[in-house]
Every structure is written in C-alpha cells, then in structure tokens.
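Participant: Would you be able to build a 3D model of this:
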Amino acid sequence: MPTATKSCIFCDLIHGAAEVSVCYEDSLALAFMDIQPVNAGHVLVVPRRHFESLSDLPHDLALHLFEVAMKLEPVIRSVTKAEGTNMIVNSGAAAGQDVFHYHVHIIPRKAGDGFDVPLPWAESDMPNRMQLDACAARIIAGSQDCMRSRYVAQDVAAD
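Facilitator: Purely as a prediction, here's the structure:
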C-alpha cells in the first residue's frame with residue numbers, strides 16, 4: 001500500500017512540480033537522470049505511485065521496475081560507452097536510502113572511475129558453515145511461512 005508522505009521530491013517530479021530529464025515513462029514507472037550522478041548517464045527508475053521502500057512495494061510493480069531497468073541498462077551502457085553497470089537499491093535509512101520513494105539506480109561504470117561498492121566486504125568475518133546453514137534454514141522457514149500466508153490471504157480473498 002502506498003505510504004503517505006508530507007513532501008517527496010520524486011512525487012514532485014512525477015507530478016510536474018520541478019524540472020526532470022525523463023528517459024523512459026509508462027503508466028507505472030518513470031526513469032530520469034540523477035541530478036547528483038555517480039557518473040554521466042546515472043538513471044533512477046521509480047514507480048509513479050509513492051512507496052517508501054522495497055518492503056512497501058507490490059510484487060508485480062517491483063518486477064515491472066526491474067524490467068524497465070533491464071531494458072534501459074544496455075542502452076545506458078551503449079550511450080555512455082560504459083564498461084559495466086551497477087544496479088543498486090538502498091531500502092531503508094540503515095541501507096543508505098536518503099530519498100524515501102523507492103527507486104533503482106542504474107549507474108554506468110568505467111574502470112578507475114573512483115566509485116566503489118566493495119563486495120565482498122573486507123571487514124566482515126567469515127562465518128563457519130554451521131552459522132551459514134542455520135541462517136539459510138531460518139530464511140527457508142520464513143519464506144515458507146510468508147508464502148503460506150500469502151496463499152491463504154489469496155484463498156480468503158477469492159471466497
């Protein structure tokens with residue numbers, strides 16, 4: 001469900017309240033040039049409706065936004081003569097999200113451009129296999145519970 005917001009710069013852009021350089025649009029999504037780009041050609045893909053983060057976004061809309069990003073990525077790579085790209089989603093303040101309207105960054109990259117998303121994270125401790133297996137099991141259990149409740153909700157709605 002869309003979340004209410006007092007002021008959202010992306011909503012303002014979508015509704016024509018400020019200048020924006022649009023490179024894609026359809027009834028659900030808008031893609032435009034980032035005004036503080038990592039590199040030339042940095043594009044943001046946003047839903048037209050306001051959703052704060054990935055956890056708020058309807059599944060079908062999330063898929064659509066990623067499809068838009070996938071269509072734009074090779075074009076951006078070609079136009080900018082990029083050697084690679086990053087597709088980044090920062091979901092939540094702890095993850096670095098600073099505009100609380102869900103968006104996907106498409107960032108064209110060239111060797112030595114100075115931007116870095118260092119993975120694997122050099123400062124992380126490598127967990128043992130038992131810790132990895134335990135976490136995987138919790139994710140599996142949580143996914144099954146989530147899917148079960150999703151199907152139960154759909155069955156109830158169908159009745």
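Participant: and residue 89, how many neighbours?
Facilitator: Residue 89 has 18 neighbouring residues, counting by other Cβ atoms under 10 Å. C-beta: built from backbone N, CA, C; applies to glycine.
Participant: and it, what does it touch?
Facilitator: Residue 89 sits next to 54, 102-105 when contact means Cβ atoms under 8 Å, 6 or more residues apart in numbering.
Participant: I'd like the distance between it and residue 14.
Facilitator: Distance of residue 89 to residue 14, given as Cβ to Cβ, to the nearest Å: 18 Å.
Participant: between the contacts of residue 89, which is nearest residue 130?
Facilitator: Taking Cβ to Cβ as the measure, residue 130 sits nearest to residue 54 out of the contacts of residue 89, at 29.5 Å.
Participant: Confirm for me that that closest one is in contact with residue 88.
Facilitator: No: with contacts counted by Cβ atoms under 8 Å, residue 54 stays clear of residue 88, the gap being 11.9 Å.
Participant: quick one: contacts for residue 133?
Facilitator: Residues in contact with residue 133, defined by Cβ under 8 Å, 6+ apart, are absent; none qualify.
Participant: any idea how far residue 127 is from it?
Facilitator: Using Cβ to Cβ, one obtains 10 Å as the distance from residue 133 to residue 127.
Participant: Secondary structure element holding residue 107?
Facilitator: strand 104-109 (DSSP states H and E).
Participant: Next: residue 60.
Facilitator: Element membership for residue 60, per DSSP H and E: helix 59-80.
Participant: Residue 51: how many residues sit nearby?
Facilitator: Under the criterion other Cβ under 10 Å, the count of neighbours that residue 51 has is 21.
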